[in-house]
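J.: Sequence below, structure please.
(one chain, ligands or ions: 1)
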Amino acid sequence: MSGYSKIVVAVDLSTESAIIMKRALDVAASESEIHLIYVQEPMDSVYMGVVPYGPVFVGMDEVEENLKAELTQKLNNIADEFNIAPDSRHFLNGTPAREIHRFAEENGMDLIVLGTHGQKGVKLLLGATANSVLHGSNCDVLAVRIFDAD
Ligand code: AMP
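T.: Below is the predicted model:
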């Protein structure tokens, strides 16, 4: 039986989210509390580096709101598929690794589950988000290996 009673699963809403959820359920006990989170990064920090500041930013709030509605629907679809209760679905804003840490600490989670892409050779073992979450986390972290198609 798993000793984890409060598990947070971080997903980027891609198709790999289902693989990560399944692994989280594998290590969860029947009475475990499971939370699902997605963190939306502010659009200015996503695009500022590649798009010059200017008229292109007019209406960005609306674009961001539309995107949020679309992403919330995706989060709900995944949560529905795995029977995650509405109050255990969390749509957060900010930097993914920072918000995942914050959520885990503020809510007393004892396990964080996320994905990491398989890397070939002796290169990086973990992706950027998994690496940042692992370093500085106060609880256990399960990094689920996602094998990319060649
Ligand atoms: P990455 O380092 O971007 O390849 O992401 C590795 C893993 O971190 C993903 O498989 C997710 O489990 C998690 N993750 C990445 N981005 C987000 C996000 N915006 N919100 C929640 N979890 C995320």
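J.: Of all the residues in the protein, which one is nearest the ligand?
T.: Gly115 (2.5 Å; Cβ to the nearest ligand atom). Where you see a C-beta, it was placed from the backbone N, CA and C, and this is true even at glycine.
J.: So that residue: helix, strand or coil?
T.: Here Gly115 is strand, with the state taken from DSSP: H, G, I helix; E, B strand; the rest coil.
J.: Please name the bridge partners of it.
T.: According to DSSP bridges, the partner residues bridging Gly115 are Val144.
J.: Tally up the residues packed near it, please.
T.: Neighbourhood size, Gly115 [other Cβ atoms under 10 Å]: 22.
J.: I'd like the distance between it and Ala29.
T.: Using Cβ to Cβ, to the nearest Å, we find Gly115 at a distance of 22 Å from Ala29.
J.: same deal with Val8?
T.: Per Cβ to Cβ, Val8 is found 15 Å from Ala29.
J.: Hmm, the residue of the chain closest to the ligand is touching Glu16, no?
T.: Yes. Between Gly115 and Glu16 a contact is recorded at 5.3 Å, counting by Cβ atoms under 8 Å.
J.: shared neighbours, those two?
T.: Taking Cβ atoms under 8 Å, 6 or more residues apart in numbering as the criterion, Gly115 and Glu16 both touch Ile146.
J.: continuing past the longest helix along the chain, what's the next helix or strand?
T.: When the chain is parsed with DSSP state H, its longest helix is helix 60-81. On the C-terminal side of helix 60-81, the closest following helix or strand by DSSP states H and E is strand 89-93.
J.: Count the neighbours of Met21 for me.
T.: Here the number of neighbours of Met21 (other Cβ under 10 Å) works out to 21.
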